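Chemist: got a sequence here, can you model it:
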Amino acid sequence: MGLTDGPFVVLLGVLGVAAFVACVVLLPRVGGGGPRRVAARAGLVVGTQFVAVFAVLVAVNSSFGFFGSWADMLGTDKSRVRIVGGSASTPPAAGSLPSLRPSSDALSRALPPKEGRLDAVVVHGPRSGITSAGYVYLPPQYSEHAYRHRRLPVVLVMTADVRAALTRLRLPSVAAGQIAGGAVQPTVYVLMSPVGSCVDAPGGRQADTFFAEDVPMAVAASYRVARDGPGWGVIGDADGGYCAAKLALESGDRFAAAACAAADYGAPAGDLYGRSTAVRDENDLLWRLRHRPPPPAHLLVVTAGGDTEPARQLTALAQPPTRADSLTVAGGGTLPTWQRDLPAVLRWLSGRLSTEN
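Modeler: Numbers count the residues shown, from 1 in each chain. Alright, predicted model coming up:
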């Protein structure tokens, strides 16, 4: 029986309750003095605590996916994720183009088959010089015969707490349910943490290039997904929300739509601009909307209470062909708290992406 299997978790819960009841019933029978009775009482108490604590730990692990199997917990699991369904094009020469390689992670082995597949991956971008880990979620339809000739749309999910998006928000489960119900088209989700504030720093890390070029090219070369902008969307919160909006506004040929929630849409703080005011202004999304021709981009600007002024400014500055819709979510400002509103965000994105044949 697997470490994360539902029946195993339930069985341990039942055993924990049974151990507690047995302890309450049997303790009075071993009262009094004497080494044997003292040892019996100690055994009952310690045994009950062990079963109860183990049951709680297994339940927590099943919820958060720290270990995917007994072998993973014991450190004896040597397996690796195998990536299938790649591009039909001829592989490029090694190191000449962005690459994606499989990794090993407990979460990638804990997903129920009915919800699809989750691959732990590492993306290397030679253009940006950045290497970063992430996950690729493939819906069940990705492996179905009816979809074998279709390149599915992709949503890049950018959040600092990727594990929480998988375990607390349960994005694969929610996405699978929305797809099964016909509200969302079969879509691949790529989850990564934002790096370098999505800024191409002069003489430094080219984080904008990494997400705008390296990641899409690496994913499209390794999976059967859309290779052009109409099939790609992005969703992000906080720093990832700024990145999502920036990718849609600056790279409309790669990202057709973006759902973004951020504390600020101005230029990120830090020494990222080589002391150049011009470079800083170009990374200030509000400045760009005021001083540059509006790009063809579609935004869903998400707010969740607190300081809504940056979101209001971004929405107000959007002029055709830039379009900006608004959504107020019940959770906090971070994506893992959007349990109630995630389906609406996924439906909004799905309605603006297209499948590539």
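Chemist: can I see the domain layout of the protein?
Modeler: As given by automatic domain parsing, the domain ranges for the chain are 6-74, 99-350.
Chemist: all helices for the chain, in order.
Modeler: Assigned by DSSP state H, the chain shows helices spanning 6-26, 35-64, 70-74, 162-167, 171-180, 207-209, 215-222, 239-250, 277-282, 285-291, 309-317, 342-350.
Chemist: out of the domains of the chain, which gets the lowest mean score?
Modeler: Ranked by mean pLDDT, the domains of the chain end with domain 6-74 at the bottom, a mean of 75.
Chemist: about what we covered before: including distance to residue 262 and mean neighbour count, could the helices of the chain go into TSV?
Modeler: C-beta coordinates here come from the backbone N, C-alpha and C atoms, glycine included. Converted to TSV, the helices of the chain look like this (distance: least, C-beta to C-beta, whole Å; neighbours: other C-beta atoms under 10 Å):
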stretch	distance to residue 262	mean neighbour count
helix 6-26	37	14
helix 35-64	26	14
helix 70-74	35	14
helix 162-167	16	21
helix 171-180	19	20
helix 207-209	15	21
helix 215-222	19	23
helix 239-250	3	27
helix 277-282	17	14
helix 285-291	9	17
helix 309-317	7	17
helix 342-350	14	20
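Chemist: returning to that earlier point: make CSV from the domains of the chain and add distance to residue 357 to it.
Modeler: Formatted as CSV, the domains of the chain follow (distance: least, C-beta to C-beta, whole Å):
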stretch, distance to residue 357
domain 6-74, 35
domain 99-350, 6
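Chemist: residue 356 is nearest to which of the ones you listed?
Modeler: domain 99-350 (4.0 Å; C-beta to C-beta).
Chemist: how far off centre is the closest one?
Modeler: Mean C-alpha position of domain 99-350 versus that of the full chain (C-alpha atoms, centre = their mean, to the nearest Å) differs by 9 Å.
Chemist: residue contacts, the one residue sitting closest to the centre of the chain?
Modeler: With distances taken as C-alpha atoms, centre = their mean, residue 191 lies nearest the centre of the chain, 3.6 Å away. Taking C-beta atoms under 8 Å, 6 or more residues apart in numbering, we find residue 191 in contact with 134-137, 157, 159, 162, 165-166, 171.
Chemist: could you measure from it over to residue 254?
Modeler: Distance, residue 191 to residue 254, using C-beta to C-beta, to the nearest Å: 18 Å.
Chemist: my guess is residue 307 meets residue 263, correct?
Modeler: Yes. At 6.8 Å, residue 307 and residue 263 qualify as touching, with contact defined as C-beta atoms under 8 Å.
Chemist: between these two, which one's more packed in?
Modeler: Neighbour totals were compared for residue 307 and residue 263, and residue 263 leads with 15 against 11 (other C-beta atoms under 10 Å).
Chemist: find the nearest non-adjacent residue to that one, please.
Modeler: residue 238 (6.3 Å; C-beta to C-beta, 6 or more residues apart in numbering).
Chemist: now residue 284
Modeler: residue 267 is the one closest to residue 284 (C-beta to C-beta, 6+ apart), at 4.1 Å.
Chemist: repeat that for residue 170.
Modeler: Closest to residue 170 by C-beta to C-beta, 6+ apart is residue 339, at 7.9 Å.
Chemist: dump stretch 264-277 to PDB, keeping only the CA atoms.
Modeler: C-alpha atoms of stretch 264-277 as PDB (Å, rounded to 0.1, in the frame of the first residue of the first chain):
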ATOM      1  CA  ASP A 264       3.100  47.100  -7.900                       C
ATOM      2  CA  TYR A 265       3.400  47.300 -11.700                       C
ATOM      3  CA  GLY A 266       6.200  49.900 -11.600                       C
ATOM      4  CA  ALA A 267       9.800  49.100 -12.100                       C
ATOM      5  CA  PRO A 268      11.000  46.500  -9.600                       C
ATOM      6  CA  ALA A 269      13.300  47.700  -6.900                       C
ATOM      7  CA  GLY A 270      17.000  46.900  -6.900                       C
ATOM      8  CA  ASP A 271      20.100  47.600  -8.900                       C
ATOM      9  CA  LEU A 272      18.900  46.000 -12.100                       C
ATOM     10  CA  TYR A 273      19.200  48.900 -14.600                       C
ATOM     11  CA  GLY A 274      22.800  49.800 -14.800                       C
ATOM     12  CA  ARG A 275      22.000  53.200 -13.400                       C
ATOM     13  CA  SER A 276      20.100  54.000 -16.500                       C
ATOM     14  CA  THR A 277      16.800  55.900 -16.200                       C
END
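Chemist: contacts for that stretch?
Modeler: 196-199, 201-204, 239, 242, 245, 279-281, 283-287, 310-311, 313-314.
Chemist: how deep is the residue nearest to residue 284 tucked in, by neighbour count?
Modeler: With other C-beta under 10 Å as criterion, residue 267 counts 22.
Chemist: quick one: it from residue 158, how far?
Modeler: 18 Å.
Chemist: in a markdown table, list the helices of the chain along with distance to residue 97.
Modeler: Converted to a markdown table, the helices of the chain look like this (distance: least, C-beta to C-beta, whole Å):
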| stretch | distance to residue 97 |
| --- | --- |
| helix 6-26 | 42 |
| helix 35-64 | 35 |
| helix 70-74 | 32 |
| helix 162-167 | 24 |
| helix 171-180 | 28 |
| helix 207-209 | 13 |
| helix 215-222 | 6 |
| helix 239-250 | 20 |
| helix 277-282 | 27 |
| helix 285-291 | 29 |
| helix 309-317 | 34 |
| helix 342-350 | 27 |
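Chemist: compare the ones you listed and give me the one nearest residue 128.
Modeler: Between these, helix 207-209 lies closest to residue 128; by C-beta to C-beta that is 4.4 Å.
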